[in-house]
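*Asks:* here is the input, now give the coordinates:
(chains A and B)
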There are 2 protein chains.
Amino acid sequence: MRQYEMFELELKGKEPEGSFVDIDLEAVFSCEGECKAVKGFYAGNGIYKVRFLPEKAGTYTWKVTGILDQEGAEHCACADSRQNIHGPVRTADMHFTYADGTPYYPFGTTVYALFHQEDQLTAQTMESLQDTPFNKVRFCVFPKHYDFNHNEPPYFAFEKKEDGGWDVNRPCFAFWERLEKILIQFGKMGVQADLILFHPYDRWGFAKMPQADNLIYLDYLLRRIAAFPNVWWSLANEYDLCEAKTITDWEQIEEFVAEHDPYHHLLSNHNCFKNWDFTRPNVTHASIQSKVLNKVAGWRRLYRKPVVIDECCYEGNIQHIWGSISGREMTYRFWRVVTMGGYCTHGETFLDPEHEILWWSRGGQLKGESPARIAFLKKIVEQLPGPIEPIESRIMQLVNMSAKEKAQFLQQADHFGKAILRMGDEISDFCNSEFVYQGHCGEDAYLTFYDRRTCAEDMLELPKTHCYKVELIDTWEMTRTVLFEKACGKTKLSLPGREGMAVLSLKTD
Amino acid sequence: MRQYEMFELELKGKEPEGSFVDIDLEAVFSCEGECKAVKGFYAGNGIYKVRFLPEKAGTYTWKVTGILDQEGAEHCACADSRQNIHGPVRTADMHFTYADGTPYYPFGTTVYALFHQEDQLTAQTMESLQDTPFNKVRFCVFPKHYDFNHNEPPYFAFEKKEDGGWDVNRPCFAFWERLEKILIQFGKMGVQADLILFHPYDRWGFAKMPQADNLIYLDYLLRRIAAFPNVWWSLANEYDLCEAKTITDWEQIEEFVAEHDPYHHLLSNHNCFKNWDFTRPNVTHASIQSKVLNKVAGWRRLYRKPVVIDECCYEGNIQHIWGSISGREMTYRFWRVVTMGGYCTHGETFLDPEHEILWWSRGGQLKGESPARIAFLKKIVEQLPGPIEPIESRIMQLVNMSAKEKAQFLQQADHFGKAILRMGDEISDFCNSEFVYQGHCGEDAYLTFYDRRTCAEDMLELPKTHCYKVELIDTWEMTRTVLFEKACGKTKLSLPGREGMAVLSLKTD
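*Replies:* Model (predicted):
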């Protein structure tokens, strides 16, 4: 047993008589007075398994009860951080860290039907991922039926009933073993599996299962894979397009997952039109589809949780509006979100008329120009002294002022400032369209992304009490040029007048 | 006297004893039973003038009454359209035509303090305009105080009182003559003067005059220049930043101008944050500052008047967010607005640290890359068989369906369509961010602007009953390539996968 690595007990028995899912098999793991109860699952061929994720080192005793009985003890070694073993990802205020405290900055990508492909293609996808900055992959448990996604998957999650419907009480073991292979590989690669539990793009009937069947499916899934350190629960891709499920169904799903996951993995629910209610206690972070990226700071204020823009269109050239942004635009979207203290997710949709293999859904090879730029951004973020907090625009600062602050401000405001206060809520369109992407790490670092603005000059307002090294970053050419070795206070910048510039000021004293 | 050209009577008298503005001098012009009363003004040196704009050919009799008396008759010749004399611009549904019915498509630019410069600079500006596509210029009556605008103007609109305040009853004649010189030159160049009557950027006190003085100023202005065929009244630049004026003041100003302009020139009011109420009867068109350009079709629906985006940031490189968009972005903004059936206005703000001469306010020379592209677009628009009407997006079509249409639609809707109808108003962010810019001229022409989308294919849905020539337009490279000589019905397009593409289908049968 090793800290932060899945521990598995294998037990032999008879095949279950009724449901293969709802079996009476539980284990309690105890270490230094702390106990955790986990459920076991049937893995086929008379084999039962109980999986456990030890989150601290020490000596564990365990006891299996139910249809099988067994007990034992196991020493759990400390995690070897040199092997990149840091435990599950947790939230830390509006950011993420691994369980051992190592910062985790999600730079995700999307391969919806990742493991519903032939082995060769899945293997190619996994190999492609090695060379990318991506440390989180969004993918679905169920196969996908949609444009460019017409292939039958090799396996389904369940066996079929005689009437042709899915028998959720009879899991297809090969299917689950295949999924686990991916999770294990991802674990070795340092990739988080942002596992999508439901989605609407379906021709097989998974999207329309009765709610009772949904919960049986989730029961099996959680018994089997909750002990993997690198899984996140994404209740849906586009929950609001799933016409067979009501909001009450989703709430029940959310509660079921939260209650039956002994490790409280990250949990969210992804939208098409309307954000899920991320203030709900079971929800750990906001997983949002949106292209209105200047809202990130507002969403952080609203939800007080990390904000991940898990869909903001894909780099590609298909006819769909969501699949035809340039590599440049994809890169800029990452910069917009990241400088606002959020996190962003990539996807790629380049036409492949012969094979219909588009990265965003089936994987294969990446063709786009953004991954290299996203890697460049990731390196910058990882080198910062801490996670980025947004600097709200002057306008938003005014709008959010207290009455007392407003009264003070009005005494010396120009007519622009006064007008903003007169207008109140009516200026949201204005705020959305005249927006500056800026973030900071306390007084240690300041980062401005100029987006598509072509300024030839700007004025930095750095604290007067520290010295800063100021760098110009070309987010597309991936260059960093020192503008000042030592700057403080108001500092006039000369900028190249091109799109895609950023300026980073790092405290040097 | 010539149709659509200003006719002027000059009369001699004594200097007015009181106000130089509020003088009792009126003329009635009569032609074929139609009479029009116009007011005269004092032009200095004992000279009084009465100006009249004849809108039809024929024989006019006129009679001056008040402090001076005179009468006479004049033959008014038909306008010579070969000399580009077409009369004042009027609205025609949600577009514009000249009074003689010739279509007028505004492609404006902005030179706020155009004639508050030394003569040489103003002359250079006028010369620069000759080589541009711009047929409308927004500029202010009052001088401008703001960044890059610190020069004193050569003249002011009024003389000063002994207490240092402005004596609105004593116009500065040299000032008004200078303004008229511009109007005449614009007339010869085929340029409409979108004259801004008030604005907030002021250090001289014009923005804070009492309302009674505002109306005296307007009285003189209207007596002097309402008879110019090519003036439009823009009540303000950014009315909502003018802290000295209430909404009631603005309404009074609007009514005063409408009532005292015998020719009912085009009239609107330009905002910073919040649109003026363009449904008001005196308002002829919407003059909007906004960067949320996909709203154009919605504003047309709301106001049922032409929509002119009179400010959407400027091509340039200054530090302000509104003055640092690229030539490409300025070009794309024009295309976005125009394909939605609206009209757009240009401006340019390239740093000139030595001379502080930025086109947007002081004029001079144009440096940007967008004017040539705007000229290219203008030529395409002028060659179309009629003005462009927007094609609303599928989503907006759904949102705007009647209850009966919705019921019908639901019977065959996919889950995406059903979700849109379930969501109702909550999808506005989505609509704004997944937007297709498309327009048409009945079944005679269809125009799609792909904006920054990098599609390599798309499906045209042309009527099956006509034949169309289909052209690919590169809006930046300014090239037109025939894709099909004869296309009809569903037509699959191969596109180059670059930003800034448009497709034009023109009926050929």
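
*Asks:* assign residue A:450 to helix, strand or coil.
*Replies:* strand (DSSP: H, G, I helix; E, B strand; the rest coil).

*Asks:* over to residue A:129?
*Replies:* Following three-state DSSP, residue A:129 is assigned to helix.

*Asks:* residues near it, how many?
*Replies:* 22 (other C-beta atoms under 10 Å in any protein chain shown). All C-beta atoms are positioned from the backbone trio N, CA, C, and that covers glycine.

*Asks:* tell me how far the longest helix along chain A is from the chain's mean position?
*Replies:* Counting by DSSP state H, the longest helix found in chain A is helix A:173-189. The chain centre lies 18 Å from the centre of helix A:173-189; the measure is C-alpha atoms, centre = their mean, to the nearest Å.

*Asks:* what residues are bridge-paired with the closest residue to residue A:192 other than its chain neighbours?
*Replies:* Distance criterion C-beta to C-beta, 6 or more residues apart in numbering or on different chains; nearest residue to residue A:192, sequence neighbours excluded, is residue A:136 at 4.2 Å. Beta-bridge partners for residue A:136, by DSSP bridges, are residue A:108, residue A:192.

*Asks:* pull the contacting residues for residue A:136.
*Replies:* For residue A:136, the contact set (C-beta atoms under 8 Å, 6 or more residues apart in numbering or on different chains) comprises A:106, A:107, A:108, A:109, A:191, A:192, A:193, A:194, A:232, A:345.

*Asks:* right, and the fifth one touches residue A:135 too?
*Replies:* Yes. Taking C-beta atoms under 8 Å as the definition, residue A:191 is a contact partner of residue A:135 at 5.6 Å.

*Asks:* any idea how far residue A:219 lies from chain B?
*Replies:* Separation of residue A:219 from chain B (C-beta to the nearest C-beta, to the nearest Å) stands at 26 Å.

*Asks:* report how many residues lie close to that residue.
*Replies:* 20.

*Asks:* and it, helix, strand or coil?
*Replies:* Residue A:219 ends up helix, using three-state DSSP.

*Asks:* which non-adjacent residue is nearest it?
*Replies:* With C-beta to C-beta, 6+ apart as the criterion, residue A:219 has its nearest non-adjacent residue at 5.5 Å, and that residue is residue A:21.

*Asks:* of the contacts of residue A:136, buried ones?
*Replies:* A:106, A:107, A:108, A:109, A:191, A:192, A:193, A:194, A:232, A:345 (16 or more other C-beta atoms under 10 Å in any protein chain shown).

*Asks:* tabulate those (TSV), appending pLDDT and distance to residue B:85.
*Replies:* Formatted as TSV, the buried ones among the contacts of residue A:136 follow (pLDDT from 0 to 100; distance: C-beta to C-beta, whole Å):
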residue	pLDDT	distance to residue B:85
A:106	98	65
A:107	98	63
A:108	98	63
A:109	98	63
A:191	98	72
A:192	98	71
A:193	98	73
A:194	98	67
A:232	98	71
A:345	98	60
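
*Asks:* nearest to chain B among those?
*Replies:* Among the buried ones among the contacts of residue A:136, residue A:345 lies closest to chain B (C-beta to the nearest C-beta), at 15.9 Å.

*Asks:* contacts only, for that closest one.
*Replies:* A:106, A:108, A:109, A:110, A:136, A:138, A:308, A:309, A:310, A:311, A:312.

*Asks:* and the last one, its phi and psi?
*Replies:* Yep, that's residue A:312 we're talking about. phi -140, psi 40 (degrees, to the nearest 10).

*Asks:* was I right to think it contacts residue A:292?
*Replies:* No. Applying C-beta under 8 Å, one finds residue A:312 not in contact with residue A:292, separated by 9.2 Å.

*Asks:* which one's more surrounded, the two?
*Replies:* Taking neighbours as other C-beta under 10 Å, residue A:312 and residue A:292 compare with residue A:312 leading, 24 against 16.

*Asks:* in stretch A:16-36, which residues are buried?
*Replies:* A:16, A:19-23, A:25-27, A:29-31, A:36.

*Asks:* burial measure for residue A:184, as a count.
*Replies:* Neighbours around residue A:184, by other C-beta under 10 Å: 13.

*Asks:* and for residue A:481?
*Replies:* 10.

*Asks:* which element is it on?
*Replies:* strand A:479-487 (DSSP states H and E).

*Asks:* continuing past that strand, what's the next helix or strand?
*Replies:* strand A:490-494.

*Asks:* strand A:479-487 and that next one, what's the angle between them?
*Replies:* Counting by axes from the mean of the first three to the mean of the last three C-alpha atoms, to 10 degrees, strand A:490-494 lies at 150 degrees to strand A:479-487.

*Asks:* contacting residues for residue A:135?
*Replies:* In this structure, residue A:135 makes contact with A:104, A:105, A:106, A:107, A:108, A:190, A:191, A:192, judged by C-beta under 8 Å, 6+ apart.

*Asks:* how far away is the last one from residue A:108?
*Replies:* Spelled out, that is residue A:192. Distance, residue A:192 to residue A:108, using C-beta to C-beta, to the nearest Å: 8 Å.

*Asks:* how about the strands in the stretch 51-200 of chain A?
*Replies:* For the stretch 51-200 of chain A, applying DSSP state E, counting those that start in this stretch gives strands covering A:58-66, A:70-76, A:89-92, A:95-98, A:107-110, A:136-140, A:158-160, A:166-171, A:192-198.

*Asks:* identify the bridge partners of residue A:494.
*Replies:* On the basis of DSSP bridges, residue A:494 takes part in beta bridges with residue A:457.

*Asks:* okay, which residue of chain A is out on the far edge from center?
*Replies:* residue A:411 (45.0 Å; C-alpha atoms, centre = their mean).

*Asks:* pull out the buried positions in stretch A:398-415.
*Replies:* A:398, A:399, A:409, A:413, A:415.

*Asks:* neighbouring contacts of it?
*Replies:* A:301, A:392, A:417-418, A:420-421, A:424-425, A:427, A:431, B:200, B:241-243.

*Asks:* residue A:346 reaches residue A:134, doesn't it?
*Replies:* Yes. Residue A:346 is in contact with residue A:134 according to C-beta under 8 Å; the separation is 6.6 Å.

*Asks:* for these two, indicate the residue with more neighbours.
*Replies:* residue A:346 (29 against 25).

*Asks:* run through the residues that contact the residue nearest to the more buried one when sequence neighbours are not counted.
*Replies:* Of all residues not flanking residue A:346 in the chain, residue A:109 sits nearest, at 4.4 Å (C-beta to C-beta, 6+ apart). Contact analysis of residue A:109 by C-beta under 8 Å, 6+ apart lists A:129, A:132, A:134, A:136, A:137, A:138, A:345, A:346, A:347, A:348, A:359, A:371.
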